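Engineer: Structural data only, the sequence is not supplied:
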Ligand SMILES: *Cc1c(COP(=O)(O)O)cnc(C)c1O
């Protein structure tokens, strides 16, 4: 059996090696390292892939979130509602901009922000909602957009884990994740579903005025050379990273399909066990089939319900099976983000999930033998 890895970037590289090396050579010879033709072409290709009017490349996913919030003109003291169960970057940028993060609980099945909890958290100061498409599955965007319309709020999608996922609305219309809210942020960190070989990120929007504002903010607030109209940042995607992303983008759907196939095999091998809850699909996604594209399985995350999650994790480590606990601590309990407004009883789902979740190796190169071995090891341990 091949060595099991959480993410297998080496095998993926073998497939695109020639393309990447040729483009690297081109970039090196042209010396257009920043904002070169590779970046412009990637931007255009990603706009076409997503069906969105504007992609604004930037340096990483955290910057993308921050710049999106700056572009919307959010002001210190404005409240921004986001999920308690997510990677810290989401809440970090809210706090960094001196906006007030308001963490709310998630749904037990999809692990995504709970629209009812959003409703309860709205105050006259609320200005925006940041749904995170956690582990590769879209949040309940129909409900979230409806709440946003009712209360005149912005919706900023954190699409770092969701790129390539398709959201189907109740009326049957389909959109790519990250193209539904007012603006979205994504990350091209190497282990993301569309990852480069360093740091990278992008912001998406269909709003022409906002896109213009964002293009200035990423470049020191400059709209005309050496005229600084707003306070901006320096956040750029470099040409070498864009070259990697251009090699991978045409394969993204195939990569995601391979992840879904791996998820299907895991499901078949682990379903029905009394102590395991396999990943559940949200309402907007009712099945996994060969053509269904709603979940892109950035992570394949089980819930272990018999209280033995940590023992299982230790056992997997002994057996050389990589795994991850995403995420072990609710954000509302993190030192940096505690707030007297939070009450433990407002977070029953997150408080439970942090004790039960475990993510298994998931990438486009996982083979059947590895999946069987991982599933058997888990079943044998839990018996
Ligand atoms: C990875 C990630 C980010 C941050 O992206 P970076 O490129 O690492 O800055 C933000 N939000 C979520 C949900 C992520 O998974």
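Structural biologist: Arrived safely, thanks for sending. Because the structure is a prediction, the values reported are computed rather than measured.

Engineer: just the strands in the stretch 151-300 of the chain please.
Structural biologist: 154-158, 166-168, 174-176, 183-187, 201-205, 222-224, 227-228, 276-277, 300-304 (DSSP state E, counting those that start in this stretch).

Engineer: Show me which residues of the helix or strand harbouring residue 312 are buried.
Structural biologist: Secondary structure from DSSP states H and E places residue 312 in helix 309-318. Neighbour counts using 16 or more other CB atoms under 10 Å place 309, 312-313, 315-316 of helix 309-318 among the buried residues. To be clear about C-beta, it is placed using only N, CA and C from the backbone, and glycine gets the same treatment.

Engineer: How about residues contacting that helix?
Structural biologist: 304, 322-323, 325, 355-358, 374, 377-378, 381-382 (CB atoms under 8 Å, 6 or more residues apart in numbering).

Engineer: how many degrees apart are that helix and strand 300-304 in direction?
Structural biologist: Orientation check (axes from the mean of the first three to the mean of the last three CA atoms, to 10 degrees): helix 309-318 against strand 300-304 gives 130 degrees.

Engineer: Centre of the chain to helix 309-318, how far?
Structural biologist: From the chain centre to the centre of helix 309-318 is a distance of 26 Å (CA atoms, centre = their mean, to the nearest Å).

Engineer: Mean confidence (pLDDT) on the very next helix or strand once past that helix, please.
Structural biologist: Remark: after helix 309-318, the chain's next helix or strand is helix 348-356, criterion DSSP H and E. For helix 348-356, the mean per-residue pLDDT is 98.

Engineer: Show me what helix 348-356 is packed up against.
Structural biologist: strand 300-304 (3 or more CB pairs under 8 Å, 6 or more residues apart in numbering; DSSP states H and E).

Engineer: picking that back up, measure how the helix holding residue 312 sits relative to helix 348-356, angle-wise.
Structural biologist: Using the same axes, to 10 degrees, helix 309-318 lies at 40 degrees relative to helix 348-356.

Engineer: of all the residues in the stretch 101-250 of the chain, which ones are close to the ligand?
Structural biologist: 132, 158, 160-161, 187, 189, 199, 201 (CB under 6 Å from any ligand atom).

Engineer: Look up how far residue 92 lies from the residue in the chain that the ligand sits nearest to.
Structural biologist: Proximity to the ligand, evaluated over the chain using CB to the nearest ligand atom, is greatest for residue 61 at 2.5 Å. From residue 61 across to residue 92, the span is 11 Å (CB to CB, to the nearest Å).

Engineer: Could you check which of these two has the larger neighbour count?
Structural biologist: residue 61 (27 against 18; other CB atoms under 10 Å).

Engineer: In contact with that one, which residues?
Structural biologist: 89, 158, 160, 185-189, 192, 201.

Engineer: what are the ranges of the helices in this protein?
Structural biologist: 9-30, 37-50, 61-71, 89-96, 115-121, 141-151, 208-217, 239-248, 252-270, 309-318, 348-356, 368-382 (DSSP state H).

Engineer: most packed of the ones you listed?
Structural biologist: Comparing those on average neighbours per residue, with mean count of other CB atoms under 10 Å, the densest one is helix 61-71 at a mean of 27.

Engineer: what is the mean pLDDT for that helix?
Structural biologist: The model assigns helix 61-71 a mean pLDDT of 98.

Engineer: So what's the residue count around residue 335?
Structural biologist: Neighbours around residue 335, by other CB under 10 Å: 6.

Engineer: which ones are touching the closest residue to residue 134 other than its chain neighbours?
Structural biologist: For residue 134, ignoring the flanking residues on the chain, the nearest one in space by CB to CB, 6 or more residues apart in numbering is residue 111 at 5.0 Å. By CB under 8 Å, 6+ apart, residue 111 lies in contact with 85, 134-135, 137, 301, 353, 357.

Engineer: you'd agree residue 208 is up against residue 52?
Structural biologist: No. If you go by CB atoms under 8 Å, residue 208 and residue 52 don't touch, sitting 11.9 Å apart.

Engineer: residue closest to the middle of this protein?
Structural biologist: residue 161 (2.0 Å; CA atoms, centre = their mean).

Engineer: what's around the residue lying closest to it once chain neighbours are set aside, how many residues?
Structural biologist: Leaving aside its chain neighbours, residue 161 sits nearest to residue 298 (3.9 Å; criterion: CB to CB, 6+ apart). Applying other CB under 10 Å, we find 25 residues neighbouring residue 298.

Engineer: wouldn't residue 298 be in contact with residue 189 here?
Structural biologist: No. In this structure, residue 298 is not within contact of residue 189 by CB under 8 Å, at 10.9 Å.
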